[in-house]
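Asker: next one to model:
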Amino acid sequence: MHVLIAPDKFKRCLHAGDVATAIASGLRRSHPKVSLDFCPIADGGEGTVEALVTATGGRFETRRVVGPLPDMKVDAVFGVLGDGATAVVEMSAASGLALLAPQDRNPLRTTTFGTGQLLVEAAKLGAAHIILGIGGSATTDGGIGAAQACGQPVILDEIGPADPHEPLVGEDLRRVVLVKHARGSPLDRVKITVACDVTNPLFGPNGAARVFGPQKGATPEQVEELDQLLRRLAERCGKMAEANTPGAGAAGGLGFAMLAFFGATLRPGFDIVADAVKLRNRLRNADFCVTGEGRLDRSSFDGKAAVGVARACRQMNVPCSAIVGSCASAELDDPSRMLFREVRPIQAAGMSLDEAVRRARELIEKQAAALKLTS
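Answerer: Numbering: from 1, shown residues only. Prediction:
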């Protein structure tokens, strides 16, 4: 029997690759003759670089770039996949909210410049295709910082082109007149696919500033100002259609910038990852699949990786079971029966979350050993 092991991470506990290794150990204990295919998976958010590099036999690259604050430097990791032609970048590695202390969170003062630097570095390594995950941002700069770092001239009123060495931040949207295309950019011939699971437009009641600004430290007054500034950016650049595209408001408008200034494509994160790791091709050779994630509940059916794997398995008639940290079984009764042969949580009744996290590797192995691989 050939088993595909395709789990997501257990958040704040184990990376997807570590979960896959633990599942494999358990399976070998009770089914020593099975052959295994390791395929860590992700949904386009945190952990996507690690999962894709591991699943494709790629490599990690580290670059020192500008952080979410213009005077901050961070060592950001991105990946080159096993094909050597595809790179994967998480904007949170350079411009993420988690990089800032709570008192430093202010979307008028943060920038996507470092994310742009990572895109350039990936292109310099010869990437013909870049997958960009844009979750977890600290920014609401409309992507002008990223555009600036990638060599797109950002024209400011009374000044002309912004200094390419002085990262633009959210409050600089007040001065932006136009973002122009620069010929000869390192990204000119690079295809960019953005992993985006939100459908918010750039501005308006459901836009970047109003929906996501407060969690990034914006006051009510700043939310109103940023919403107007993002609208004006789209108007001045003649990119209103892109501004109203679902997902344009992701990452404080970085989704808009990728559409408007880079010709990128926005796609659901899991679909991008599944294509990159050739999930469906690998399922063709599988007799069984084991997936998993930290928490399986109703929200898992809105683009999360474990349910995405199970849906692909159902399409290809491959039985699929899940090992999870915990499971809201009452919420999942009907859909889980359709998608999963078994759902096995590692957190037993009466066990504290702290204990489950501490013993996660051991408990995953135990549940994997107990899986029924035949009907």
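Asker: which residue, other than its chain neighbours, is closest to the most far-flung residue of the chain relative to its centre?
Answerer: Each residue of the chain has a distance to the centre, and by Cα atoms, centre = their mean the biggest one is for E158: 37.6 Å. Counting by Cβ to Cβ, 6 or more residues apart in numbering, the nearest residue to E158 once its immediate chain neighbours are dropped is R175, at 7.8 Å. Any C-beta I mention is one placed from the backbone N, CA and C, and that applies to glycine too.
Asker: now do the SS call for the residue farthest from the centre of the chain.
Answerer: Counting by DSSP: H, G, I helix; E, B strand; the rest coil, the backbone at E158 sits in coil.
Asker: and it, how close does it get to V176?
Answerer: 12 Å (Cβ to Cβ, to the nearest Å).
Asker: next secondary structure after the lowest-mean-pLDDT helix or strand in the chain?
Answerer: Sorting the helices and strands of the chain by mean pLDDT, DSSP states H and E puts helix 329-339 at the bottom, at a mean of 61. Using DSSP states H and E, the helix or strand that follows helix 329-339 towards the C-terminus is strand 343-345.
Asker: what helices and strands are in contact with that following strand?
Answerer: strand 320-327, helix 329-339 (3 or more Cβ pairs under 8 Å, 6 or more residues apart in numbering; DSSP states H and E).
Asker: thinking again about what came up before, OK, contacts around the residue nearest to E158?
Answerer: Neighbouring residues of R175 by Cβ atoms under 8 Å, 6 or more residues apart in numbering: L156, D157, E158, I159.
Asker: ranking these by neighbours, who comes first?
Answerer: L156 (18 neighbours; other Cβ atoms under 10 Å).
Asker: now the spatially closest residue to it that is not a sequence neighbour: how far from P70?
Answerer: Spatial nearest neighbour of L156, chain neighbours left out: R175 (4.3 Å); criterion: Cβ to Cβ, 6+ apart. Distance from R175 to P70, counting by Cβ to Cβ: 15 Å.
Asker: can you give me the strands in this protein?
Answerer: For the chain, the strands defined by DSSP state E occupy 2-5, 35-38, 59-66, 73-80, 86-90, 129-133, 154-156, 160-161, 176-179, 191-195, 265-267, 288-296, 320-327, 343-345.
Asker: residue ranges with poor pLDDT in the stretch 251-375 of the chain?
Answerer: 329-337, 375 (pLDDT under 70).
Asker: outline the domain layout of the chain.
Answerer: 2-41+292-369, 48-270 (automatic domain parsing).
Asker: confidence-wise, which of those domains is weakest overall?
Answerer: Of all the domains of the chain, the minimum mean pLDDT falls on domain 2-41+292-369 (a mean of 90).
Asker: what's the span of it, first residue to last?
Answerer: Taking Cα to Cα, to the nearest Å, the first and last residues of domain 2-41+292-369 lie 15 Å apart.
Asker: go on, stretch 144-155?
Answerer: 10 Å.
Asker: no further questions, thank you.
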